[in-house]
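Asker: Model the following, please.
(one chain, ligands or ions: 2)
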Amino acid sequence: MRICAIESSCDETAVAIIEDGKTVLSNVVSSQINVHSKFGGVIPEVASRLHIENISVVLEEALRKANSTMDQIDAIAVTQGPGLIGSLHVGLLAAKTLAWATGKPLIPIHHIAGHIYANAFVDAIEYPLLALVVSGGHTELVYLKEEWSFEILGSTQDDAVGEAYDKVARVLHLSYPGGPAIDKLAKTGQAHYQLPRVKTEEPLNFSFSGLKSAVLQLVQRETKQEREINQTDLAYAFQEAVLGELLRKTKLALEMYDVRHLVLAGGVAANSRLRILINELSTEYPNLKITIPPLWCCTDNAAMIGAAAEVAYRHGIRGNLDISANPGLEYK
Ligand code: KG4
Ligand code: ZN
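Answerer: Ligands and ions are numbered 1, 2, ... in the order given. Below you'll find the model as predicted:
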């Protein structure tokens, strides 16, 4: 089963050729970070335009690297949502055109299902599965009692964790995207600043906007009093507060639900400290299988869409040529 997968939900134009859901024949990602970093964040209109410029080139390169022709492809997979409408639209249109021209089946995929199934590249997925989803647009605990059944146990009430990293990075005048910059700074930081703990109404929900505001207020206060900000210590305090929350809620979900396999998913899964903390859970939960996606498939890529598509295909998921991009797509 050879799948040509397309991902264009945000600021990465990506195409991958995946065999049997696990073997990556090619995985081409054209990142727009250099362009968006000038503005300190993704400009949707610019992102759509760059996807239009890049999509054919990226597709051709993915086929060439996989040493594959379209004739050898069995199905076309594409991210249908969630994401930026204009960005999603470009990938979806490319996928529908390919499906129409070749007569191959079209498999619409939920972007976060892709992040979750990226873990299939390193480990056999087992159920019941708990996924801690941490990306620029999502922060949620997703429970899969069985294959391709998604239940959201809790999610963020305001900012996603990656979004909070990016906003705090801006306050600290760090480059975009802020996650990797804060991750690097926090490594040498020390416990010096105190940040408040944010409360949520539902026990498994998250909230990060209060924390982000607390960082902003602290910076304003120190600046007003002409005290210099220790950036590494503030990055450390912010990161420890955020990751502490992620860990606390994950452990709570592990106590409340029957879980065989815990996986990390989304761009923030690249965070070095979070990777250590999740791995350390194995001491506390010796019977729990724990998987962390390799760095190459943490942030947005199309290989993960291909991995999810292989599972979706077996579950009969197909799209016809009428489907449209859906920025608020729900799991199905
Ligand atoms: O999954 P992703 O590539 O795009 C979305 O689906 O949103 O996630 C991007 C997010 C950005 O907010 C970025 O700052 C964050 O992932 N990120 C990190 C790290 N690398 C990327 N956050 C913390 N630490 C990192 N090392
Ligand atoms: Zn993503």
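Asker: give me every residue that touches Q157.
Answerer: Residues in contact with Q157 (C-beta atoms under 8 Å, 6 or more residues apart in numbering) are T200, E201, N205, F206, S207. For every residue, glycine as well, the C-beta is placed using N, CA and C.
Asker: Near whichever residue of the stretch 151-300 of the chain sits closest to ligand 2, how many other residues are there?
Answerer: Nearest residue of the stretch 151-300 of the chain to ligand 2: D300, at 4.4 Å (C-beta to the ion). For D300, the neighbour count with other C-beta atoms under 10 Å is 26.
Asker: Need the pLDDT of it.
Answerer: On the pLDDT scale, D300 is placed at 97.
Asker: Find me whatever residue is spatially closest to it, sequence neighbours aside.
Answerer: Distances taken as C-beta to C-beta, 6 or more residues apart in numbering place E12 nearest to D300, at 4.3 Å, with adjacent residues excluded.
Asker: same thing with L185?
Answerer: Nearest non-adjacent residue to L185, counting by C-beta to C-beta, 6+ apart: A235, 3.8 Å away.
Asker: ok, back up a step: ok, now how distant is the residue nearest to D300 from ligand 1?
Answerer: Applying C-beta to the nearest ligand atom, to the nearest Å, the value for E12 to ligand 1 is 7 Å.
Asker: hang on, isn't that residue packed against V28?
Answerer: No. With contact defined as C-beta atoms under 8 Å, E12 does not reach V28; the gap is 10.1 Å.
Asker: Thought V259 was touching L130, still the case?
Answerer: Yes. Using C-beta under 8 Å, L130 is in contact with V259, at 4.5 Å.
Asker: what sits in contact with each of those two?
Answerer: With C-beta under 8 Å, 6+ apart, L130 and V259 have common neighbours Y143, A253.
Asker: Please give the number of neighbouring residues around the nearest residue to A309 once chain neighbours are set aside.
Answerer: Leaving aside its chain neighbours, A309 sits nearest to A77 (3.3 Å; criterion: C-beta to C-beta, 6+ apart). A77 has 31 neighbouring residues, counting by other C-beta under 10 Å.
Asker: any idea which element A77 lies in?
Answerer: A77 belongs to strand 75-81 when elements are defined using DSSP states H and E.
Asker: List the neighbouring strands of that strand plus their orientation.
Answerer: Strand 75-81 pairs in its sheet with strand 2-7 (parallel), strand 106-110 (parallel), by DSSP bridges.
Asker: Quick check: what element follows the last one along the chain?
Answerer: Downstream of strand 106-110, the next assigned helix or strand under DSSP H and E is helix 111-117.
Asker: which strands and helices sit next to that next one?
Answerer: With contacts taken as 3 or more C-beta pairs under 8 Å, 6 or more residues apart in numbering; DSSP states H and E, helix 111-117 sits against strand 75-81, strand 129-134, strand 139-144, strand 261-265, helix 303-314.
Asker: change it to 7 Å
Answerer: The elements that helix 111-117 packs onto, with contact taken as 3 or more C-beta pairs under 7 Å, 6 or more residues apart in numbering; DSSP states H and E, are strand 75-81, strand 129-134, strand 261-265, helix 303-314.
Asker: the inter-axis angle of the longest one versus strand 75-81?
Answerer: Which is helix 303-314. For helix 303-314 against strand 75-81, the angle by axes from the mean of the first three to the mean of the last three C-alpha atoms, to 10 degrees is 110 degrees.
Asker: ok, for whichever residue of the stretch 1-150 of the chain sits closest to ligand 2, nearest residue in space, not its chain neighbours?
Answerer: Distances between the stretch 1-150 of the chain and ligand 2 by C-beta to the ion are smallest at S135, namely 4.3 Å. Nearest-residue entry for S135: G266, 3.2 Å, with adjacent residues in sequence omitted and distances by C-beta to C-beta, 6+ apart.
Asker: ditto for T102
Answerer: Counting by C-beta to C-beta, 6+ apart, the nearest residue to T102 once its immediate chain neighbours are dropped is M70, at 5.6 Å.
Asker: For that neighbour, grab the count of nearby residues.
Answerer: So M70, with other C-beta under 10 Å, has 13 neighbours.
Asker: Check L63 too.
Answerer: The number of residues packed near L63 is 20, by other C-beta under 10 Å.
Asker: what does T102 give?
Answerer: T102 has 14 neighbours, counted by other C-beta under 10 Å.
Asker: List the buried residues in the least confident helix or strand in the chain by mean pLDDT.
Answerer: The helix or strand of the chain with the lowest confidence, counting by mean pLDDT, DSSP states H and E, is helix 33-36 at a mean of 89. Within helix 33-36, the residues scored as buried using 16 or more other C-beta atoms under 10 Å are H36.
Asker: Can you tell me what sits against it?
Answerer: Applying C-beta atoms under 7 Å, 6 or more residues apart in numbering, the contact partners of helix 33-36 are D11, V42, I43, V46, L50, Y176, P177.
Asker: Could you report the distance from the residue of the stretch 51-200 of the chain found nearest ligand 1 to V215?
Answerer: Going by C-beta to the nearest ligand atom, ligand 1 is nearest to G179 of the stretch 51-200 of the chain, at 2.1 Å. Here G179 is placed at a distance of 15 Å from V215 (C-beta to C-beta, to the nearest Å).
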